[in-house]
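Chemist: need a structure here:
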Amino acid sequence: MPRAAKKNQKPFALFFLSLTPDLTSYIKNQIKGLPHRIVPDVLTVDELDPKTEILGVFTDSKVTKDIFARLPRLKLVVTLSTGFDHIDLKEASRRGIPVCNVPTYGDYTVAQHALALILALSKKLFESVKRVKEGEYDYHGMRGFDLKGKTIGVVGTGHIGKQLIRLLAGFEMNIVAYDPFPDKKFAAERGFSYVPLSKLLGSADIITLHVPLLPATHHLIGKKNLKKIKPGAYIINTARGGLIDGATLLSGLQSGQIAGAGLDVLEDEEVMRDPVLIFGDKCDECTVKTSLMNSLLIDHPKTIVTPHNAFNTTEAIKRIIDTSIGNMRAFLAGNPTNNVSRR
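Modeler: Numbers count the residues shown, from 1 in each chain. All right, here's what the predicted structure looks like:
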């Protein structure tokens, strides 16, 4: 069972806020009266404080079994994100430590980014802007395609997937969706249909991914599914990089099976942020291969890659902070909310 804090206890909180260093003062005002320290960077062992009872992190901070072992007084982990695959939930559960996430901060925000990637690919926006900035004012070779009449396949109809479906209402597209837990009422309201994943892959002109990274969804777009994809389809991923096998995507782009991709996430993307992981003592063959694959995808002429930025609006960040602090306060009151370690 989770170890709830005593009602009047003021535990020490340690936040690693690579996500929001510019909003440190906002956070401090929200947790006034609670002993705390804020580190404006990702979690490192050197910055850990053994008296920490509440640990706050973003997705680029890995809370491993070793981290849990170094924090003997830890009672709560708050992740400033919806995803929680950066935290060892099994170890948290074994130690009776709740892990609380932010389930709905970015439904509109991330859906808007997914739509932006779709529009950018359909109108060759990146290439067009680049051409003009380089001094060539010429539309030849920049022909795009209309969204009207195309079929879009939405994989995952949680908060973000549903919001994207709402945003698509004005584009006159044919919408199909796959979800292991279909919301048939929502489908009837919005005029789309749920289909098996194989049928979605084979019929969709655009495939957009909105599912968590789980063992069942790892490499959802991989060797087994590549040939099922409609030739010339586009793929959008604003969820988690591990949903797509980079080698498979690259092969599909090169063969033309996949016409293009809009990616806000890459598999093991932390190696792109930290050159030490590629060139330092921790370098291994797998890391080098991942880095190379990601670089090839970034440089490919048929891709648009953004740096895990779909969530990043002022409004969404404040919702993340407010919900995370709400999770802390609920825990201090003896009733943890949004506890994903129970799953």
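Chemist: what about the helices in the stretch 1-150 of the chain?
Modeler: Using DSSP state H, counting those that start in this stretch, the helices found in the stretch 1-150 of the chain span residues 24-30, 65-70, 89-94, 107-122, 125-133.
Chemist: err, the stretch 201-343 of the chain, not the other one
Modeler: Going by DSSP H, counting those that start in this stretch, the stretch 201-343 of the chain shows helices at 223-226, 246-255, 270-273, 275-279, 285-299, 314-332.
Chemist: to residue 145, which of the ones you listed lies closest?
Modeler: Across the helices of the stretch 201-343 of the chain, residue 145 has its closest neighbour in helix 246-255 (16.9 Å, Cβ to Cβ). (C-beta placed from N, C-alpha, C; glycine too.)
Chemist: show me what contacts the spatially closest residue to residue 56 that is not a sequence neighbour?
Modeler: Of all residues not flanking residue 56 in the chain, residue 15 sits nearest, at 3.8 Å (Cβ to Cβ, 6 or more residues apart in numbering). Residue 15 is in contact with 27, 36, 37, 38, 39, 55, 56, 57, counting by Cβ atoms under 8 Å, 6 or more residues apart in numbering.
Chemist: for the fourth one, grab the count of nearby residues.
Modeler: The local packing count at residue 38 equals 18, with neighbours defined by other Cβ atoms under 10 Å.
Chemist: which ones are touching it?
Modeler: 15, 17, 24, 27, 28.
Chemist: for the nearest residue to the last one once chain neighbours are set aside, give me the pLDDT.
Modeler: Residue nearest to residue 28 in three dimensions, not counting chain neighbours: residue 38, with 7.3 Å by Cβ to Cβ, 6+ apart. Per-residue confidence at residue 38 stands at 90 (pLDDT).
Chemist: follow-up on the earlier one: so for residue 118, which of the helices of the stretch 201-343 of the chain sits nearest?
Modeler: helix 246-255 (16.7 Å).
Chemist: elements contacting that closest one?
Modeler: helix 223-226, strand 258-263, helix 285-299 (3 or more Cβ pairs under 8 Å, 6 or more residues apart in numbering; DSSP states H and E).
Chemist: done for today, thanks.
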